[in-house]
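Visitor: pasting the sequence and the predicted model now:
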Amino acid sequence: MRGLLLLILLAGALALAWWQFEALIPRHWHPAEPLHIDDPLTPVTQWKLRRLADDREGCLAALATAPEGELSFTPLEDHEPVAGCPLANVVRLEASGVDFNASFVASCPLALAWTLFERQRLQPAAESVLGSRVARVEHLGSFACRNVYGREQGRPSEHATAEALDVAAFRLADGREIRLIDHWDDEGERGEFLREARDGACDLFGNVLGPDYNQAHADHFHFGMRGFRLCR
C-alpha cells in the first residue's frame, strides 16, 4: 500500500513538473499551440503549417490573427473546378499587405504560408536591401489541373491542388520593379533582394524553386507546400 502511495505521489509530482515546464514554452515553440500570423518563425512553424492541411477551421483561425484590414480572403467550399482536380480546404486570396495582379485560389495553408512569408521575410528583405516596401506582387497563378511540367504522364503538380504559387515580379512602393527574368543575375541590390527573398521563403514553404533550379523556372519563383526545405 505504501509503495502504491509513493507511485501516486511521484506521478503527481511529474505531472506538475511537466505542466510547469509546458507553461514556460513560448507559443511559437509549442507544437500544440495554434499558429499566429506574427509569431516569430521557428523550426516548429513548418510543422504547424503541415498540420493545418486537414484542419480547415484551425487554418482559418490562424489567418484571422492577421491585424485587422491587412488581409482579404474568402473561404471557399470544397469543389471540383475541373474534372479530376478536386479542391479542399481552399480560400481565395484577394490582398494581403500587398496588392496582386489578380486574386487567386490557394489551399488555406498556402495562403497562410504566403502571409507569414510576406510579413516576416519578404517585407523585411525589401526594406533592408532596397529601402522600400513591396506594394504589389505579380504572379502567374496557383491552380492548374495538370501534371508536373504539364506532362501527359506523371504525378500531379502541386498546382492541381492549389498548393503552389508562381511569382514573377515585385513592384515597390517607390515605383521600382524587380523581375526574376531580368534581375536574378543582377549583381546589385535587385539581385540581392531576390536571393534574400528566396532564402527567406525556404523557412516556410516545403519547396522553393527558382532560376537556379532549372530553365523552366527562369522567370518565376515556385512556392509550394509539399516536401521539406527543397530550396533552389
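Guide: Here it is on my side, so go on. What you are looking at is a predicted structure, and each value in this text was computed from that prediction instead of being measured.

Visitor: Trp184 against Pro211, yeah?
Guide: Yes - Trp184 is within contact range of Pro211, at 4.5 Å (criterion: C-beta atoms under 8 Å). Where you see a C-beta, it was placed from the backbone N, CA and C, and this is true even at glycine.

Visitor: identify the contacts common to the two.
Guide: Both Trp184 and Pro211 are contacted by Ala218, under the criterion C-beta atoms under 8 Å, 6 or more residues apart in numbering.

Visitor: tell me the centre residue of the chain?
Guide: With distances taken as C-alpha atoms, centre = their mean, the residue of the chain nearest its centroid is Ala113 (1.7 Å).

Visitor: what is the three-state secondary structure of it?
Guide: Put simply, Ala113 is helix when judged by DSSP: H, G, I helix; E, B strand; the rest coil.

Visitor: residues near the nearest residue to it once chain neighbours are set aside, how many?
Guide: Leaving aside its sequence neighbours, Ala113 sits nearest to Leu204 (C-beta to C-beta, 6 or more residues apart in numbering; 4.7 Å). By other C-beta atoms under 10 Å, the residues close to Leu204 number 23.

Visitor: kindly report the same for Ala106.
Guide: Ala106: 25 neighbours (other C-beta under 10 Å).

Visitor: who does the helix or strand where it lies touch, helix- and strand-wise?
Guide: Using DSSP states H and E, Ala106 maps to strand 99-107. With contacts defined as 3 or more C-beta pairs under 8 Å, 6 or more residues apart in numbering; DSSP states H and E, strand 99-107 has these neighbours: strand 90-95, strand 134-141.

Visitor: is it true that Glu127 touches Arg119?
Guide: No - taking contacts as C-beta under 8 Å, Glu127 lies outside contact range of Arg119: 11.9 Å.

Visitor: so which of these two has more stuff around it?
Guide: Between Glu127 and Arg119, Arg119 has the larger neighbour count (other C-beta under 10 Å), namely 18 against 14.

Visitor: so what's that one up against?
Guide: Counting by C-beta under 8 Å, 6+ apart, the residues that Arg119 touches are Ile37, Asp38, Gly97.

Visitor: now do 10 Å
Guide: Counting by C-beta atoms under 10 Å, 6 or more residues apart in numbering, Arg119 touches Ile37, Asp38, Ala66, Pro67, Glu70, Leu71, Ser96, Gly97.

Visitor: okay if I get those as JSON lines plus neighbour count, pLDDT and distance to Phe170?
Guide: Output for the contacts of Arg119, formatted as JSON lines (neighbours: other C-beta atoms under 10 Å; pLDDT from 0 to 100; distance: C-beta to C-beta, whole Å):
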{"residue": "Ile37", "neighbour count": "19", "pLDDT": "94", "distance to Phe170": "20"}
{"residue": "Asp38", "neighbour count": "12", "pLDDT": "92", "distance to Phe170": "21"}
{"residue": "Ala66", "neighbour count": "20", "pLDDT": "94", "distance to Phe170": "20"}
{"residue": "Pro67", "neighbour count": "10", "pLDDT": "93", "distance to Phe170": "22"}
{"residue": "Glu70", "neighbour count": "13", "pLDDT": "91", "distance to Phe170": "18"}
{"residue": "Leu71", "neighbour count": "21", "pLDDT": "95", "distance to Phe170": "18"}
{"residue": "Ser96", "neighbour count": "22", "pLDDT": "94", "distance to Phe170": "13"}
{"residue": "Gly97", "neighbour count": "17", "pLDDT": "92", "distance to Phe170": "12"}
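
Visitor: tell me the two of those residues that are most distant?
Guide: The two members of the contacts of Arg119 with the most space between them (C-beta to C-beta) are Asp38 and Ser96, at 13.0 Å.
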